[in-house]
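>>> Build me a model:
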Amino acid sequence: MSSASLSLSEVLRHYELEGRPPVFLFPFVHDHDERVRLIEATVDDCYRRIVDARHVNKEQAEDYLTFQIVNMLQSSGIPAEHDTQVGGHCDVLVRSFNGFLWIGEAKIYRGNSNVTDGFLQLSTRYGTAQHGRDHGEIIIYCWAENALQVLSNWRDHLISTIDGVSITEDSLASGRLSFRSEHVCKASGCVFKVRHSILPLYFKPVR
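Purely as a prediction, here's the structure:
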C-alpha cells in the first residue's frame with residue numbers, strides 16, 4: 001500500500017500505536033480542550049528531547065531552552081511564539097482560531113520563590129481564564145538532584161502560600177513529573193487551569 005492511499009483512520013492508528021500525538025491535525029481542530037491535549041502531548045515530547053540532550057544543554061540559559069521548545073512546536077505544526085506581548089513578554093504562546101490562547105511560563109529552578117514569580121506572572125499578568133484561554137503551563141528547568149522531590153516541594157509551597165489554589169491532579173506518587181492546579185482568575189472570575197512540569201536536567205555521571 002502506498003502512502004498516498006492511506007486513509008485518515010489508518011494514519012491516526014499509526015500515530016496511536018507509536019504513542020505520538022497527531023499534531024498535523026492541529027489547524028483543523030476547533031475544540032479547545034482537544035487543542036490543549038495536542039499541545040501538552042507535543043510539549044511532553046519536547047521535554048523528553050531536551051532531557052535526553054541534558055549533557056549538551058547543561059547550564060544553558062532559560063531563553064535558549066525555551067526557544068528550543070518553541071522551535072520544536074513550530075516544526076510539529078503548532079503555531080508557537082516566543083517572547084510575545086500578551087500582558088507582558090510570554091515565554092511560550094500558542095494562538096489559534098476562535099480566540100484560543102495557551103501560555104507557558106518557564107523558570108530555571110533556583111528555589112520556590114522564583115517559581116512563585118513565574119506562577120504569578122502566568123496567573124495574574126498573562127492569563128485571563130476566558131473560554132479557550134483557560135489553560136497554561138509552568139515549565140521548570142531543574143539542574144538540582146531529585147527533580148521529583150523538587151516538584152513535590154513546589155506543589156506544597158504553592159498550596160500553602162497562594163490563596164485559592166487547589167490541586168486537581170497529582171500523580172507525583174507514581175513518578176510522573178507534573179501536577180495540575182486550578183484557581184479563580186481575579187480579572188475574569190473564571191477558573192484558570194495550570195499544569196506544572198519539571199525537566200530533570202541534573203547531569204553528573206560517575207563514570
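>>> what's the burial count for Ser197?
20 (other CB atoms under 10 Å). Every residue, glycine included, has its C-beta placed from N, CA and C.
>>> From Phe179, how far off is it?
9 Å (CB to CB, to the nearest Å).
>>> Scan this protein for its longest helix.
helix 32-52 (DSSP state H).
>>> which of the residues in that one are buried?
Across helix 32-52, burial judged by 16 or more other CB atoms under 10 Å covers 32, 35-36, 38-40, 42-43, 45-47, 50-51.
>>> Find the nearest non-adjacent residue to the residue nearest the centre of the chain, please.
Nearest to the geometric centre of the chain sits Glu137, at 4.3 Å (CA atoms, centre = their mean). In space, and not counting its chain neighbours, Glu137 is closest to Gly104: 4.2 Å by CB to CB, 6 or more residues apart in numbering.
>>> Just give the closest residue to Trp102, not the sequence neighbours.
Val94 is the one closest to Trp102 (CB to CB, 6+ apart), at 4.4 Å.
>>> whoops, Ser152 was the one
Closest residue to Ser152 apart from its sequence neighbours, by CB to CB, 6+ apart: Leu172 at 5.4 Å.
>>> For this protein, give me the ranges with low pLDDT.
1-24, 85, 87-88 (pLDDT under 70).
>>> Do a quick rundown of the helices in it.
8-18, 32-52, 62-75, 112-120, 147-161.
>>> CA-only coordinates of the last one in PDB, if you can.
The C-alpha trace of helix 147-161 is given here as PDB (Å, rounded to 0.1, in the frame of the first residue of the first chain):
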ATOM      1  CA  ALA A 147      13.600  16.600  40.300                       C
ATOM      2  CA  LEU A 148      10.600  14.700  41.700                       C
ATOM      3  CA  GLN A 149      11.300  16.000  45.200                       C
ATOM      4  CA  VAL A 150      11.800  19.500  43.900                       C
ATOM      5  CA  LEU A 151       8.400  19.400  42.200                       C
ATOM      6  CA  SER A 152       6.800  17.900  45.300                       C
ATOM      7  CA  ASN A 153       8.300  20.800  47.400                       C
ATOM      8  CA  TRP A 154       7.000  23.300  44.900                       C
ATOM      9  CA  ARG A 155       3.500  21.800  45.000                       C
ATOM     10  CA  ASP A 156       3.400  22.000  48.800                       C
ATOM     11  CA  HIS A 157       4.800  25.600  48.700                       C
ATOM     12  CA  LEU A 158       2.200  26.600  46.100                       C
ATOM     13  CA  ILE A 159      -0.900  25.500  48.000                       C
ATOM     14  CA  SER A 160       0.400  26.800  51.300                       C
ATOM     15  CA  THR A 161       1.400  30.300  50.100                       C
END
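>>> picking that back up, summarise which helices and strands the longest helix of the chain is packed against.
If contacts are counted by 3 or more CB pairs under 8 Å, 6 or more residues apart in numbering; DSSP states H and E, helix 32-52 sits against helix 62-75, strand 101-108, strand 135-142, strand 191-200.
>>> So for stretch 129-139, what gets flagged as buried?
Ala129, Gly132, Arg133, Asp134, His135, Gly136, Glu137, Ile138, Ile139.
>>> With that, I have no additional questions.
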